[in-house]
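K.L.:
here is my input, please return the structure:
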Amino acid sequence: MTVQQVVNQASDYFDSGEFQQLLARRVALVTESQRADRDDELHHYLHQEIGPQLAALGFTLHFIDNPVTAQRPFLVAVRMENPALPTLLSYGHGDVVFGDDENWRDGLSPWQLTEEGDRWYGRGSADNKGQHCVNLAALEQVFKVRGGRLGFNCKMLFEMGEEISSPGLAQLCQEHGELLQADLFIASDGPRLNAVRPTLFLGSRGCVNFRLTINARDNAYHSGNWGGLLTNPGTQLANAIASLVNANGVLQVAALKPTSLTDEVRAILSDIEVGGMPGDPQIEVNWGEPGLTPTERLYGWNTLEVLAFLTGNPARPMNAIPGEASAVCQLRFVVGTDWQNLVQHIEAHLQQHGFDQVKVEFMRGSPATRLDPTDPLVHWVLASMAEISGKKPALLPNLGGSLPNEVFSDILGLPTLWVPHSYPACGQHGVNEHMLKSIAREGLQIMTRLLWDLGEQGEELIARHRAHAGGAK
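P.N.:
The predicted model follows:
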């Protein structure tokens, strides 16, 4: 059978309606990981949905308790056809964010897959149930066509706590490194560049949340009696933040600027245009680092955002000078950033600008990751995507947002390739979340082609990757 015949068979499966029925059943499972009363649904998703599908493909199932929070379990499924064959590791998460049921548009429910035109509405349709269902369907098609084999070894890792920052995932990969050992990683999460263009991204920006606080005094004091005599922590903190990021959104802390926006990365990003699609917000062309294109600012640079600012009582303002002020800020950053010393860099910058009274507190963070864009595996995936879709795929050195990619790239040491089946205006984490049928169908075609190719050329592809990686060292 030719590769085109395999892809046509996958398309026929999608068009039969079976995929939609499967996704509808899984969307109906209320797997909100942010709630403490959804434990049964979270376990059900792994044991009664994902587990049986993989067992039917000859995978051995390992249900593993979460070392951090037992009610957010893991499933590692392993199918070893021949130790001499290359091994693929893939990933998905079955948990979703809050349904926010009452705020969905009339006629829609987060727990019912509803079709309108090219859209399938439902919580998890885009993030991440729809995406990993596409990849599992592609595995099934290759398995059937090859008469009960894949042509490569395959391991699947599913978690049920991604929407609460993947507690225990790093520990799992550290403690079960041998079980998860593989040669490459391919998975799907996050959005494409846009609804039209197939996309490959090679990692993600890192993210650090930190809190700034000024505690001036234990009480608030009448602004008429004490105004002009007492420092106002709200005013001081506003000015402190302005020293970190200016009125045009430009990061002012030199020590937190990246070193990785090379000419090579700029050349890759020159083929990418951000925004401009239906549902996208209008880009502010004069916001952010000067001298960079919007694409370079999003995928090749660092941004500091103020997520929340509190002083006094916003709900009931009083004629009083507040005693304290606090803000939660966030740094999104690319590789080549000294993020692990963020607190020291922020403190030194604030002290230099006369804001010694500001306390800086690290809240949480994750590193930036990026596979070498010149790796032969990247060329293979791009060529395969282009041939099967008839479109020029977008290559992003990293996603603008963040994923737990570091556990795969850093802890497990794998080359990571992400092929998303969603798009930026999908409503992810908001109301009216949806998957585009056209992207799901094309995604199934792309993944079927990639998995078929891996069975045909896997040993050669891994050998070329290793030779390239060894030469780079």
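
K.L.:
for Leu169, see how far away the residue positioned nearest the centre of the chain is.
P.N.:
Among the residues of the chain, Leu403 comes closest to the average C-alpha position under Cα atoms, centre = their mean, at 3.4 Å. In this view, Leu403 and Leu169 are 11 Å apart by Cβ to Cβ, to the nearest Å. The C-beta positions use only the backbone N, C-alpha and C, and glycine is treated the same way.

K.L.:
how about exporting stretch 303-312 as PDB, limited to the C-alpha atoms?
P.N.:
Taking only C-alpha atoms (Å, rounded to 0.1, in the frame of the first residue of the first chain), the coordinates of stretch 303-312 have been written out as PDB:
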ATOM      1  CA  THR A 303       8.200  40.200  27.500                       C
ATOM      2  CA  LEU A 304       7.300  41.400  31.000                       C
ATOM      3  CA  GLU A 305       3.600  41.600  31.800                       C
ATOM      4  CA  VAL A 306       1.700  42.900  34.800                       C
ATOM      5  CA  LEU A 307      -1.000  40.300  35.600                       C
ATOM      6  CA  ALA A 308      -2.500  41.900  38.700                       C
ATOM      7  CA  PHE A 309      -2.000  45.100  40.700                       C
ATOM      8  CA  LEU A 310      -3.600  45.700  44.100                       C
ATOM      9  CA  THR A 311      -3.500  48.700  46.500                       C
ATOM     10  CA  GLY A 312      -6.200  49.900  48.800                       C
END
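
K.L.:
in it, what's buried?
P.N.:
Of the residues in stretch 303-312, those with enough neighbours to count as buried (16 or more other Cβ atoms under 10 Å) are Thr303, Leu304, Phe309, Thr311, Gly312.

K.L.:
how many neighbouring residues does Val27 have?
P.N.:
Counted by other Cβ atoms under 10 Å, the residues lying close to Val27 total 27.

K.L.:
ok, now which ones touch it?
P.N.:
Residues in contact with Val27, defined by Cβ atoms under 8 Å, 6 or more residues apart in numbering, are Trp111, Gln112, Leu113, Gly122, Arg123, Gly124, Ser125, Lys129.

K.L.:
tell me which helix or strand the nearest residue to the last one once chain neighbours are set aside sits in.
P.N.:
Spelled out, that is Lys129. Nearest residue to Lys129 in three dimensions, chain neighbours excluded: Arg26, at 4.9 Å (Cβ to Cβ, 6 or more residues apart in numbering). When elements are assigned from DSSP states H and E, Arg26 belongs to helix 18-27.

K.L.:
give the rounded mean pLDDT of that helix.
P.N.:
Per-residue pLDDT values across helix 18-27 average out to 98.

K.L.:
buried residues of the next helix or strand after it, list them for me.
P.N.:
Sequence-wise, the next helix or strand beyond helix 18-27 is helix 39-44, with elements assigned using DSSP H and E. When burial is assessed from 16+ other Cβ under 10 Å, helix 39-44 yields the following buried residues: Glu41, Leu42, His43.

K.L.:
same deal with stretch 334-349?
P.N.:
Taking 16+ other Cβ under 10 Å as the neighbour-count basis, stretch 334-349 is seen to contain the buried residues Val334, Val335, Gly336, Thr337, Trp339, Leu342, His345, Ile346, His349.

K.L.:
ends of that stretch, how far apart?
P.N.:
Between the opening and closing residues of stretch 334-349 there is a gap of 20 Å (Cα to Cα, to the nearest Å).

K.L.:
average model confidence for it?
P.N.:
When pLDDT is averaged along stretch 334-349, the result is 97.

K.L.:
contacts for that stretch next, please.
P.N.:
Contacts to stretch 334-349, defined as Cβ under 8 Å, 6+ apart, come from residues 203, 205-206, 208, 210, 212, 243-244, 252-253, 255-261, 299-302, 331, 333, 360-362, 365, 367-370, 397-398.

K.L.:
cool, and stretch 239-250?
P.N.:
Contacting residues not belonging to stretch 239-250 are listed as 212, 214, 251-253, 286-290, 303-306, 309, 327, 329, 346, 349-350, 353, 355, 358 [Cβ under 8 Å, 6+ apart].

K.L.:
give the contact list for the closest residue to Phe333 other than its chain neighbours.
P.N.:
When the adjacent residues along the chain are set aside, Phe333 lies closest to Asn302, with 4.3 Å between them (Cβ to Cβ, 6+ apart). Listed by Cβ under 8 Å, 6+ apart, the contact set of Asn302 reads Leu251, Leu256, Lys257, Pro258, Leu331, Arg332, Phe333, Val334, Thr337.

K.L.:
out of these, the closest to Val419 would be?
P.N.:
Nearest to Val419 among the contacts of Asn302 is Val334, at 20.6 Å by Cβ to Cβ.

K.L.:
any idea how far the closest one is from Arg370?
P.N.:
For Val334, the distance to Arg370 (Cβ to Cβ) stands at 7 Å.

K.L.:
hey, what's in contact with both of these two?
P.N.:
Where contact means Cβ under 8 Å, 6+ apart, the residues bridging Val334 and Arg370 through contact with each are Ser260, Pro397, Asn398.

K.L.:
among these, who's most crowded?
P.N.:
Comparing these on neighbour count, Asn398 comes out first with 27 neighbours (neighbours: other Cβ under 10 Å).

K.L.:
residues of the lengthiest helix in the chain that come out buried?
P.N.:
Scanning the chain for the helix with the most residues, using DSSP state H, yields helix 437-472. Counting neighbours by 16+ other Cβ under 10 Å, one finds that the buried residues in helix 437-472 are 437, 439-455, 457-458, 461-462, 464-465, 468.

K.L.:
now do stretch 68-86
P.N.:
Going through stretch 68-86 with 16+ other Cβ under 10 Å, the ones that come out buried are Arg72, Pro73, Phe74, Leu75, Val76, Ala77, Val78, Arg79, Glu81, Leu85, Pro86.

K.L.:
what's the most distant pair in those?
P.N.:
Arg72 and Leu85 (32.2 Å).

K.L.:
and which of the contacts of Asn302 is nearest to Leu269?
P.N.:
Ranking these by separation from Leu269, with Cβ to Cβ as the measure, puts Val334 on top at 11.3 Å.

K.L.:
what's the helix or strand for Leu304?
P.N.:
When secondary structure is defined by DSSP H and E, Leu304 falls within strand 303-311.

K.L.:
the next helix or strand after that strand packs against which elements?
P.N.:
Once the chain leaves strand 303-311, the next helix or strand it forms, by DSSP H and E, is strand 320-321. Contacting strand 320-321 under the criterion 3 or more Cβ pairs under 8 Å, 6 or more residues apart in numbering; DSSP states H and E are the following elements: strand 221-222, helix 223-226.

K.L.:
with mean pLDDT, distance to Gln9 and mean neighbour count added, can I get these in CSV?
P.N.:
Compiled in CSV, the helices and strands packed on strand 320-321 are given as follows (pLDDT from 0 to 100; distance: least, Cβ to Cβ, whole Å; neighbours: other Cβ atoms under 10 Å):
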stretch, mean pLDDT, distance to Gln9, mean neighbour count
strand 221-222, 97, 75, 14
helix 223-226, 97, 73, 12
